[in-house]
Structure formats: structure tokens, C-alpha cells
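Peer 1: Here's my sequence, what's the structure:
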Amino acid sequence: MKYTSANENDLINLLAESRSEISGFEFEKLDLTEQDLKSAVFIDCKFTGCNFANCSFLNIALRGVDFEDCNLMGINWTEVRKNGSFSFLTCKLDYSSFQSVDLRGVNFNNCVIREADFSGANLTKSSFAGANLSGTSFSNANIEKADFRGARSYFIDPKFTKIKDAQFSVPEALVLIEAMGAKVDF
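Peer 2: Numbering: from 1, shown residues only. As a prediction, this is how the structure comes out:
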């Protein structure tokens, strides 16, 4: 079943009433700004063009969920239930917290992720291809085998981040050398 902005109140009421499992739905252009999605369970769902800015994701479960062109600014992803699976395509994730979250294999492709915190997160085999990562922290994160090709505006210090077999592209990858104290001429 497909939910659009025309029936977003129905979804909000469904969430408020049941707190039950929502499976196999597509959601388009819903404005859920500052909604409390606490304890909701989404399985095999897709959100396209939805606004989740400053929503509460406390104890929410996401299994097989895709976010595309969504505004997910200011979300505390540390409150999402563990062992979920989700991906992001061309989403806005500014000011989000992913501290110490297990994000192995999660795609953040072509997303804008400014001033977010991935400190201590496990990002093994994740993809940030084409992402804008201005001001985002990866301190003590594991980005082994992650894909940063085409990503821009990031700063990753290899002294405080596991980077073995991660993929980068030039010229952005030069920040890895600069982080070690070397001077690079452009």
C-alpha cells in the first residue's frame, strides 16, 4: 500500500494507535517533522521525499527500509533498535548522531551529511559515494573497506580511525596525508 502526503494523518494515527509492525508500505512526501515514531516497526518499507526532521526514533525498528530524497536532519540514530537494515540515497542527514552505531554495509550514497557524528561507529563496507561530509566526525570509527569515492569535504584522521582497504578518490583523499602532518601542494 502506498501512503502519500494526502493521507499522512492516517499514518500518524496508525502509529499512535497500534505501535505495531508496518510492513511492505511505500511512503511518499509525508511531513513527519518532530513526530514521535517511538517503538514503531518498519519492515521492507520505502520512504521517498519524506520529512523526518527532528523526529524521535526512540526504540524504532528498521528492517529492509530505504530512504530516498528524505530530510532526516537532527535524528539520534543511537536510539534505533540494533540489528536493523536500512539505506539512504540523496538524503539530508545533517546534525545526526550515529555514535557507536553498527552501520556495517549501510549506503549513504549522494547524501548531504554535514556536522554529523559517526564517532566510534562501525562503518565497515559502508558507502559514502558522492556524499558531502562537511564537518562530520569519524573519530575512532571503523571505516575499513568503506567506499568514499566521490565523497567531499570530509576530514578523516588515520591515527584515530581504522581505514584499511577503504576506497578514496583524489583530490579529496589528500586530507588523509594532511591529517598526518604532511604539507600537500595543490
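
Peer 1: tally of neighbours for S23?
Peer 2: 12 (other Cβ atoms under 10 Å). Heads up, the C-betas are built off the backbone N, CA and C, glycines and all.

Peer 1: Now do stretch 155-173, average pLDDT.
Peer 2: What stretch 155-173 shows for mean pLDDT is 89.

Peer 1: Endpoints of that stretch, how far apart?
Peer 2: Terminal residues of stretch 155-173 lie 9 Å apart, using Cα to Cα, to the nearest Å.

Peer 1: same check, this time on stretch 34-54
Peer 2: Span of stretch 34-54 from end to end, Cα to Cα: 5 Å.

Peer 1: Now it: buried residues?
Peer 2: Neighbour counts over stretch 34-54 (16 or more other Cβ atoms under 10 Å) mark 35, 37, 40-43, 45-54 as buried.

Peer 1: Provide the contact partners of the top strand by length along the chain at residue level.
Peer 2: Looking across the chain with DSSP state E, the single longest strand is strand 61-68. The contact list for strand 61-68, computed with Cβ atoms under 8 Å, 6 or more residues apart in numbering, reads 40-50, 80-81, 84-91.

Peer 1: Can you flag which of those belong to helices?
Peer 2: Among the contacts of strand 61-68, no member falls in helices (DSSP state H).

Peer 1: Among those residues, which lie within strands?
Peer 2: Assigned to strands by DSSP E, the following of these qualify: V41, F42, I43, K46, F47, T48, S85, F86, S87, F88, L89.

Peer 1: so where is the chain shaky, pLDDT-wise?
Peer 2: Applying pLDDT under 70 to the chain flags residues 1-20, 177, 179-186.

Peer 1: what's the spacing between the nearest residue to T136 once chain neighbours are set aside and R63?
Peer 2: Counting by Cβ to Cβ, 6 or more residues apart in numbering, T136 lies nearest to A116, which is 4.6 Å off, once chain neighbours are set aside. Counting by Cβ to Cβ, to the nearest Å, the separation of A116 from R63 is 23 Å.

Peer 1: Also A151?
Peer 2: Applying Cβ to Cβ to A151 and R63 gives a distance of 27 Å.

Peer 1: And these two? Which one has more around it.
Peer 2: Each of A151 and R63 has its neighbours counted (other Cβ under 10 Å); A151 has more, 27 against 16.

Peer 1: Of the buried residues of stretch 34-54, which is the nearest to N132?
Peer 2: Of all these, A53 has the smallest distance to N132: 17.5 Å, by Cβ to Cβ.

Peer 1: give the contact list for that closest one.
Peer 2: If you count contacts by Cβ under 8 Å, 6+ apart, A53 has them with T33, E34, N71, L72, M73, G74.
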